[in-house]
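In: model this:
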Amino acid sequence: MSKSHPPVFVSSETARSVFLWKDAIRALQAVYSQPIPSQSTPPRSVAAVGKTWLRTLSAVPVTGRYYGAKVMGAAMGSAKPGVEYVIVLFDRETSRIAGLVDGALVTGYRTAATSAAALDRLSPQGPARLAVLGSGLEASMHVRAVASVRELTEVVVFSPTPEKRAAFAEAVTRDLGVPARGAASGHEAVDGADLVLCAARSRDELPILYGNWLKPEATIVSIGSTVPSQREIDASVVARSDIIVCDMLEEVMEETGDMLAAKEAGIAFHDKSFSLVDLMSGKLEDKLRGARTRMFKSVGGGLQDIVVAELILTRALEQGLTTPLPIEFDNKSI
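Out: Okay, the predicted model is just below:
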């Protein structure tokens with residue numbers, strides 16, 4: 001363990017400079033390979049009045065030096081509405097606040113790294129063609145995360161704006177050296193793909209992926225439906241999937257629009273849905289051998305935020321890239 005230190009701030013710029021996909025993926029695989037007490041990573045909480053809301057995701061990892069919470073808020077009725085994120089990390093050795101980490105990039109990093117950690121255990125080994133539905137920051141991060149665990153032979157992207165998908169494909173080829181191109185429709189992008197990433201629910205909340213588009217033995221990652229009002233995948237995708245792994249099992253099954261729609265359509269999925277711990281611990285090996293279509297569905301969790309933020313804070317401290325805070329928090333004895 002490194003020695004204790006006064007509280008520091010880690011900017012998104014610093015987070016970007018020290019973050020490594022493989023380290024984050026390995027750390028998440030290690031954390032989820034052991035039992036996780038439910039009280040260590042409770043469901044997210046949301047406080048709201050009108051268009052003003054505050055969301056909190058907290059976690060105390062079983063191992064590691066830091067524990068804490070991510071807090072994000074927005075006043076949508078303000079003159080310039082936007083969302084800011086901060087991750088507060090407490091030091092397990094001193095019980096004091098160790099750092100404040102800008103959570104904007106961390107949120108994208110942890111989501112993509114968790115998806116790649118799951119996909120690495122879910123999908124067959126070997127080269128793969130990746131279809132991407134969406135061209136935003138989450139989609140971009142996911143391609144880079146997936147490329148760190150699989151050799152990608154081609155990336156095909158669809159998003160509604162031709163210019164955005166063309167720019168996305170160009171960036172993938174430039175940054176990763178992987179052939180990439182845009183597709184005129186989601187169906188065209190998904191056709192023949194080994195891996196399918198859904199990272200952009202539609203504005204009108206209609207599904208963007210259908211089961212009959214998928215090749216046999218495809219692996220799907222879906223991250224865009226995290227609350228009851230949101231839709232991303234059609235119920236036919238849930239029906240087609242032989243195994244569904246969820247990062248927050250109860251939240252995914254009971255609180256996402258995709259799974260609620262599947263339930264309403266009469267599709268049974270509880271008996272084929274499993275936790276990320278089940279996957280990482282090896283409990284699903286027999287089921288995976290018999291599964292053709294596999295899916296990872298994610299809503300995100302505080303444990304992922306804290307694990308990735310700890311990596312970033314630790315490396316930033318080692319490289320002298322943190323900003324000391326000219327403050328001292330009052331410490332009350334317990």
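
In: Do a quick rundown of the helices in the stretch 51-200 of the chain.
Out: Secondary structure of the stretch 51-200 of the chain (DSSP state H, counting those that start in this stretch): helices at 103-122, 137-147, 162-176, 186-190.

In: most packed of those?
Out: Of all the helices of the stretch 51-200 of the chain, helix 103-122 carries the top mean neighbour count, a mean of 25, counting by mean count of other C-beta atoms under 10 Å. (Each C-beta comes from the backbone N, C-alpha and C, glycine too.)

In: mind exporting that helix as PDB, just the C-alpha atoms?
Out: Extracted in PDB, the C-alpha atoms of helix 103-122 (Å, rounded to 0.1, in the frame of the first residue of the first chain):
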ATOM      1  CA  GLY A 103     -16.400  10.900 -13.300                       C
ATOM      2  CA  ALA A 104     -17.400  11.900 -16.800                       C
ATOM      3  CA  LEU A 105     -14.800   9.800 -18.600                       C
ATOM      4  CA  VAL A 106     -14.700   7.200 -15.800                       C
ATOM      5  CA  THR A 107     -18.300   6.400 -16.500                       C
ATOM      6  CA  GLY A 108     -17.500   5.600 -20.100                       C
ATOM      7  CA  TYR A 109     -14.400   3.700 -19.200                       C
ATOM      8  CA  ARG A 110     -16.000   1.500 -16.600                       C
ATOM      9  CA  THR A 111     -19.000   0.700 -18.800                       C
ATOM     10  CA  ALA A 112     -16.900  -0.400 -21.700                       C
ATOM     11  CA  ALA A 113     -14.300  -2.200 -19.600                       C
ATOM     12  CA  THR A 114     -17.100  -4.200 -17.900                       C
ATOM     13  CA  SER A 115     -18.600  -5.100 -21.200                       C
ATOM     14  CA  ALA A 116     -15.200  -6.200 -22.500                       C
ATOM     15  CA  ALA A 117     -14.600  -8.200 -19.300                       C
ATOM     16  CA  ALA A 118     -17.900 -10.000 -19.800                       C
ATOM     17  CA  LEU A 119     -17.500 -10.500 -23.600                       C
ATOM     18  CA  ASP A 120     -14.100 -12.000 -23.000                       C
ATOM     19  CA  ARG A 121     -15.700 -14.800 -21.100                       C
ATOM     20  CA  LEU A 122     -18.900 -15.000 -23.100                       C
END
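
In: Give me the angle between that helix and helix 137-147.
Out: Here helix 103-122 runs at an angle of 40 degrees relative to helix 137-147 (axes from the mean of the first three to the mean of the last three C-alpha atoms, to 10 degrees).

In: what is the mean pLDDT for helix 103-122?
Out: In this model, helix 103-122 carries a mean pLDDT of 97.

In: got JSON lines for the helices of the stretch 51-200 of the chain, with distance to Tyr85 too?
Out: Shown next, in JSON lines, are the helices of the stretch 51-200 of the chain (distance: least, C-beta to C-beta, whole Å):
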{"stretch": "helix 103-122", "distance to Tyr85": "3"}
{"stretch": "helix 137-147", "distance to Tyr85": "13"}
{"stretch": "helix 162-176", "distance to Tyr85": "24"}
{"stretch": "helix 186-190", "distance to Tyr85": "29"}
